[in-house]
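> Quick one: sequence and predicted model below, then my questions.
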Amino acid sequence: MDNRKSTLGYEILNEPQIHSSDEWLKIGKYNSFMTNQIRKITDKTIVYSMNVPISFKPNSVDLTAQNLAKMAPTNKKNVVFKISVYGMPVPNTYHGDKLNILTEAGRIAGVPMYVGEWNEVSREEKLNENGNMIFHIDAVKSNLNQMKADKLVGEFKKIGVWGMAFWNWNYISHPAPNFNLIKVTGDGHIQTTKYFKIVERAISS
């Protein structure tokens, strides 16, 4: 894989969960160990991820930019910090506060930020068959349009992100169609959707 031009880099651990305040440093130690091991075989980009969930409700994990920065590996050469953005970063809203704290964490850690997933996604809590509350994507409310895409990409450019990836480029049908940039017809032909054009315009502008 490493000798292929299509391999840009490697992600250490996707979206680790934090359950107590002492785990920020533990994730940082893990990311440091993995980075040092991977550096023995490649100089390509190494990606470490934000935690999930990002919740501003009072809890015991001490969610701060300073603690988020503790997840960064000690060796930061060609390392990027991956985040996800699923809504409009309006000031004094959840998505606005989320982007602010993640941006500050990247600044403190001294690493570029990579928006590894972005889209307009609305989720609602529902009971599953086991009686547990889980989040389901609301396909009606999750409706990316040109104005939202332009604003999101413009915000990423303004804060100087290292790169961005649209979520989700998928050839498999999904209840929320704006996740899919392409569709496959019955005779096997690939066609772009209107969302492909929306993303294309947002990036080119």
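Yep, that arrived. Please read these numbers as outputs of a predicted model, since none were measured by experiment.

> Just give me how far stretch 109-124 sits from the chain centre.
3 Å (CA atoms, centre = their mean, to the nearest Å).

> and if you look at stretch 94-103?
When C-alpha coordinates are averaged (CA atoms, centre = their mean), stretch 94-103 and its chain have centres 12 Å apart.

> before we move on, what about stretch 171-178?
19 Å.

> Next up, the contacts around the spatially most central residue of the chain.
If you average the C-alpha coordinates of the chain and look for the closest C-alpha using CA atoms, centre = their mean, you land on Ser84, 2.3 Å from that point. Under the criterion of CB atoms under 8 Å, 6 or more residues apart in numbering, the neighbours of Ser84 are Glu15, Met50, Val115, Gly116, Glu117, Trp118, Trp167. Glycine gets a C-beta too; all of them are placed from N, C-alpha and C.

> That one should be in a helix, yeah?
No. Assessed by DSSP: H, G, I helix; E, B strand; the rest coil, Ser84 does not belong to a helix; its assignment is strand.

> quick one: it and Ser49, what's the gap?
Summarising the geometry, the distance separating Ser84 from Ser49, computed by CB to CB, to the nearest Å, is 9 Å.

> what residues do those two have in common as contacts?
Residues touching both Ser84 and Ser49 (CB under 8 Å, 6+ apart): Glu15, Gly116.

> Break down the protein into its strands, ranges please.
Defined through DSSP state E, the strands belonging to the chain, from first to last, are 9-11, 45-49, 79-85, 113-118, 123-127, 133-137, 163-166, 182-184, 190-192.

> Would you format the ones you listed as JSON lines with distance to Lys57 included?
What follows is the strands of the chain, written out as JSON lines (distance: least, CB to CB, whole Å):
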{"stretch": "strand 9-11", "distance to Lys57": "28"}
{"stretch": "strand 45-49", "distance to Lys57": "21"}
{"stretch": "strand 79-85", "distance to Lys57": "19"}
{"stretch": "strand 113-118", "distance to Lys57": "22"}
{"stretch": "strand 123-127", "distance to Lys57": "14"}
{"stretch": "strand 133-137", "distance to Lys57": "14"}
{"stretch": "strand 163-166", "distance to Lys57": "28"}
{"stretch": "strand 182-184", "distance to Lys57": "38"}
{"stretch": "strand 190-192", "distance to Lys57": "40"}
